[in-house]
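Enquirer: Let's see this in three dimensions:
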Amino acid sequence: MYSAENLDLYPSYAIFLGTMGVAAAIIFPTLGAAYGTAASGVGISTMAVSRPDLIMKSIIPVVMSGIIAIYGLVVAILIAGSIENQYTLPMGFVHFGAGLSVGLPGLASGIAIGIAGDAGVRGTAQQPKLFVGLILVLIFAEVLALYGLIVGIYLYTKL
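Expert: Coordinates of the predicted model:
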């Protein structure tokens, strides 16, 4: 496993960096998805009192929030699958960066979807013409997490 000659090439803390990348890849997008779901759910509940016919149409922000967590799950599984005894320090740094690059945009995207979803769902209940604008805003908020996923997968494939 570890010997004096390969201790510099395969330090034990390299695996720690890789697992921190896994943790960042799953924790931050999941927090963002949870916030997006909760905030949008409050808006949906408020809107449903006056317009119960729009409940299914207003569930879109909740679905989009859940997709963010899937982005993090994909990168977390990729990184976790590559952690083994012959794990180098550069691999640890790259995988830590990959986890952060999908995690932090996922958190930000989830917060954006939650805020926009809450306000948009309430506004759509009062003015149905706002629905198309709401969808566009949600798409632009979601694509931030998608950019993080692309960069995370790209970094994962570098080594």
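
Enquirer: In the chain, mark out all the helices, start to finish.
Expert: Using DSSP state H, the helices of the chain run over residues 12-50, 60-82, 89-126, 130-156.

Enquirer: Return the set of buried residues in the shortest one.
Expert: Applying a neighbour-count criterion of 16 or more other Cβ atoms under 10 Å, one finds 60-62, 64-65, 67-69, 71-72, 74-76, 78-80 buried in helix 60-82. The way it works is simple: take the backbone N, C-alpha and C, and place the C-beta from them, glycine included.

Enquirer: shaky segments in the chain?
Expert: 1-7 (pLDDT under 70).

Enquirer: For L149, which non-adjacent residue is spatially closest?
Expert: Leaving out its chain neighbours, the residue that sits closest to L149 by Cβ to Cβ, 6 or more residues apart in numbering is Y71, at 4.2 Å.

Enquirer: mind listing what that neighbour touches?
Expert: P29, V102, G106, A145, L146, G148, L149, G152 (Cβ atoms under 8 Å, 6 or more residues apart in numbering).

Enquirer: still on that earlier bit, need the winner for burial among the helices of the chain.
Expert: helix 89-126 (a mean of 23; mean count of other Cβ atoms under 10 Å).

Enquirer: Distance from it to the middle of the chain?
Expert: Helix 89-126 sits 5 Å away from the centroid of its parent chain (Cα atoms, centre = their mean, to the nearest Å).

Enquirer: same question, stretch 42-59
Expert: Put simply, stretch 42-59 sits 25 Å off its chain's centre (Cα atoms, centre = their mean).
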